[in-house]
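Chemist: Here's my sequence, what's the structure:
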Amino acid sequence: MAGIRLDIVTAEHLVFSEDVDLVVAPGIDGEMAILPHHAPLMTMLQPGELLVRQEGKEFSLAVTGGFLEVRPDRVTVLADAAERAEDIDAARAEEAKLRAQERLAGRLDEADHARVEAALRRSLIRLRVAEKRRRRRTGPQSAQ
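Modeler: Numbers count the residues shown, from 1 in each chain. This is a model prediction of the structure:
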């Protein structure tokens, strides 16, 4: 099967640029699967997991929003931030989650509350993507 080129770009660097078989992206209206020859589309991304299938293998990235453009032969993700699952520091993400939860428990004005909620969402996404990768690596656990 002919693939589709996936380019994932942040303001800092090109994160990924290869042919893939499938992209599942967290669109603003929900998850969307993109295969080769998909109809042209442009949409905003919400923070979430970007799943990529390439030659029968799957991997994930945590994205914190941005834009997605689909053409029949190419998918371009312009992400606010994108982090491969293997690059996520789970301990750091857990610390960020705890800090955000502590701040949300206190008194915050509306703007600070929105910023802290966004930070909490980002840390939860990073933790989910890292955990999913860890489970894939270790495989199913036997009941004891």
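
Chemist: I'd like the average pLDDT over the biggest helix by length in the chain.
Modeler: What stands out as the longest helix in the chain, according to DSSP state H, is helix 110-138. Mean per-residue pLDDT for helix 110-138: 78.

Chemist: Show me what the helix or strand bottoming out on mean pLDDT in the chain packs onto, helices and strands only.
Modeler: Ranked by mean pLDDT, DSSP states H and E, the weakest helix or strand in the chain is helix 110-138, scoring a mean of 78. On a contact count with 3 or more C-beta pairs under 8 Å, 6 or more residues apart in numbering; DSSP states H and E, helix 110-138 meets strand 48-54, strand 57-63, helix 90-105. All C-beta atoms are positioned from the backbone trio N, CA, C, and that covers glycine.

Chemist: Can you add distance to residue 73 and mean pLDDT and give the ones you listed back as TSV?
Modeler: Shown next, in TSV, are those (distance: least, C-beta to C-beta, whole Å; pLDDT from 0 to 100):
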stretch	distance to residue 73	mean pLDDT
strand 48-54	16	94
strand 57-63	21	91
helix 90-105	35	83
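
Chemist: Which one of those lies nearest to residue 75?
Modeler: strand 48-54 (9.6 Å; C-beta to C-beta).

Chemist: What strands line up against the closest one, and which way round?
Modeler: Strand pairing for strand 48-54, determined by DSSP bridges: strand 22-27 (antiparallel), strand 57-63 (antiparallel).

Chemist: thinking again about what came up before, would CSV of the helices and strands packed on helix 110-138 with distance to residue 13 be doable?
Modeler: Below are the helices and strands packed on helix 110-138 laid out as CSV (distance: least, C-beta to C-beta, whole Å):
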stretch, distance to residue 13
strand 48-54, 16
strand 57-63, 13
helix 90-105, 20
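
Chemist: Alright, calling it a day.
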